[in-house]
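**Student:** what follows is a predicted protein model with its sequence.
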Amino acid sequence: MRHLLSCADLDLATATAILDLAEEMQQVQSRPVKKLPALRGRTIVNIFFEDSTRTRTSFEIAGKWLSADTINVSAKGSSVSKGESLRDTMLTLDAMGVDAFVIRHGSSGAAAQVASWVKAQVVNAGDGQHEHPTQALLDAYTMRQHFRLMGNDGFAGKKIAIVGDLLHSRVVRSNVLLQQVLGGEVVLVAPPTLVPTGVETWGCEVTGDLDSVIEEADIVMMLRVQRERMAGGFFPTEREYTESFGLTPERLAKLKNSAGICHPGPMNRGVEISSAAADAANSLVLDQVAAGVAIRMSVLYHLLGSNEGAAK
Ligand code: NCD
């Protein structure tokens, strides 16, 4: 694999291999000495043009635990704030001999664009409203572990409800693509104003009625209301949004006993998810965070662990 730009790049064998290797990588997390020599001598630059806590930190930890030299560049404090173009910035860093870029950018398609310019391998850590493939992989990893714990393996026949701000979410796009490969059934739930155009081509059921799916869902994935990407009013008031689309204590009580609750974070407690749900026994939110490191170790290893993905 040369780059990871989209979940559309993953076939079943590759996705499964990434999930399986992440299981081995997760064992490193519980060791006192968290270091494998696998990527010794490789250089990874994490370049983030948007805010991030968990994605950036987990990529950095993942690189370090694999013994790669990991460098963080944020747009603030780089030459981008002096007016340098994205292309010039990336070519400059590329010329230093970087092996891989992990990039987050506010524009959809930015990661693919960068991949077409540089010699280094590229991981998309979120491009605008387009995709966030490692998030979908860590979500799948967390779900797979949860299904196993509940005594039934595999994604076939599992109902995964993804609820909320679909319009601005790169997480939902990557999850829909990945589940098409893994076999889970995705149901999308949102008010009409937050449903992306063209959703009918995604091959999922779309509904505005959360209560009609809550009792059947095996996973409920709540998405953050992305206020920073909203120019106008997408719903009347926050209270009304919560009433119709929030995982309130009342809806929490309606979930199947075996259902798991996911949220990619950061959470808006009291808006899309109540504290009762975020902190519930069946909340998988922190499992997702833990899985994030293991999945990113696995992805970096798949990209850089052999030379086959490198530019000739
Ligand atoms: C998401 C993102 O940035 O796309 N968060 C994340 O990576 N964990 C979702 C969000 O910002 O709401």
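**Tutor:** Perfect, I can see it now.
**Student:** and the spatially closest residue to residue 225 that is not a sequence neighbour, helix, strand or coil?
**Tutor:** Nearest residue to residue 225, sequence neighbours excluded (Cβ to Cβ, 6 or more residues apart in numbering): residue 165, at 5.1 Å. Quick note: C-beta positions are derived from backbone N, CA and C, even for glycine. Assigned with DSSP: H, G, I helix; E, B strand; the rest coil, residue 165 falls in the coil class.
**Student:** list the buried residues in stretch 147-161.
**Tutor:** Across stretch 147-161, burial judged by 16 or more other Cβ atoms under 10 Å covers 147, 155, 158, 159, 160, 161.
**Student:** likewise for stretch 22-31?
**Tutor:** Neighbour counts over stretch 22-31 (16+ other Cβ under 10 Å) mark 22, 25, 26, 28 as buried.
**Student:** all helices of the stretch 201-312 of the chain, in order?
**Tutor:** Ranges of helices in the stretch 201-312 of the chain, per DSSP state H, counting those that start in this stretch, are 238-245, 249-254, 275-278, 285-304.
**Student:** next, format those as CSV and append distance to the ligand, mean neighbour count and mean pLDDT.
**Tutor:** Shown next, in CSV, are these (distance: least, Cβ to the nearest ligand atom, whole Å; neighbours: other Cβ atoms under 10 Å; pLDDT from 0 to 100):
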stretch, distance to the ligand, mean neighbour count, mean pLDDT
helix 238-245, 15, 16, 94
helix 249-254, 20, 14, 98
helix 275-278, 14, 18, 98
helix 285-304, 8, 23, 98
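**Student:** export the ones you listed to CSV and tack on distance to residue 90?
**Tutor:** Converted to CSV, the helices of the stretch 201-312 of the chain look like this (distance: least, Cβ to Cβ, whole Å):
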stretch, distance to residue 90
helix 238-245, 38
helix 249-254, 44
helix 275-278, 37
helix 285-304, 17
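**Student:** and those: which comes nearest residue 77?
**Tutor:** helix 285-304 (23.3 Å; Cβ to Cβ).
**Student:** would you mind putting the CA coordinates of that closest one into CSV?
**Tutor:** The C-alpha coordinates for helix 285-304 follow below in CSV (Å, rounded to 0.1, in the frame of the first residue of the first chain):
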residue,chain,number,x,y,z
VAL,A,285,-15.7,6.1,23.6
LEU,A,286,-12.4,5.5,25.5
ASP,A,287,-12.0,2.1,23.8
GLN,A,288,-12.1,4.0,20.5
VAL,A,289,-9.3,6.3,21.8
ALA,A,290,-7.2,3.3,22.8
ALA,A,291,-7.8,1.6,19.5
GLY,A,292,-6.7,4.8,17.8
VAL,A,293,-3.1,4.2,18.7
ALA,A,294,-3.1,0.5,17.8
ILE,A,295,-4.8,1.2,14.4
ARG,A,296,-2.4,4.0,13.6
MET,A,297,0.6,1.7,14.5
SER,A,298,-0.8,-0.9,12.2
VAL,A,299,-1.4,1.6,9.3
LEU,A,300,2.0,3.1,9.6
TYR,A,301,3.5,-0.4,9.6
HIS,A,302,1.5,-1.4,6.6
LEU,A,303,2.7,1.7,4.7
LEU,A,304,6.3,1.9,5.9
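**Student:** counting contacts, what elements does it pack onto?
**Tutor:** helix 12-29, helix 54-65, strand 100-105, strand 121-127, helix 133-149, strand 260-262 (3 or more Cβ pairs under 8 Å, 6 or more residues apart in numbering; DSSP states H and E).
**Student:** now render the ones you listed as JSON lines, adding mean pLDDT and distance to residue 271.
**Tutor:** Converted to JSON lines, the helices and strands packed on helix 285-304 look like this (pLDDT from 0 to 100; distance: least, Cβ to Cβ, whole Å):
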{"stretch": "helix 12-29", "mean pLDDT": "97", "distance to residue 271": "31"}
{"stretch": "helix 54-65", "mean pLDDT": "97", "distance to residue 271": "19"}
{"stretch": "strand 100-105", "mean pLDDT": "98", "distance to residue 271": "23"}
{"stretch": "strand 121-127", "mean pLDDT": "98", "distance to residue 271": "21"}
{"stretch": "helix 133-149", "mean pLDDT": "98", "distance to residue 271": "20"}
{"stretch": "strand 260-262", "mean pLDDT": "98", "distance to residue 271": "15"}
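**Student:** how about CSV for the ones you listed, with distance to residue 218 added?
**Tutor:** What follows is the helices and strands packed on helix 285-304, written out as CSV (distance: least, Cβ to Cβ, whole Å):
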stretch, distance to residue 218
helix 12-29, 17
helix 54-65, 24
strand 100-105, 30
strand 121-127, 26
helix 133-149, 7
strand 260-262, 7
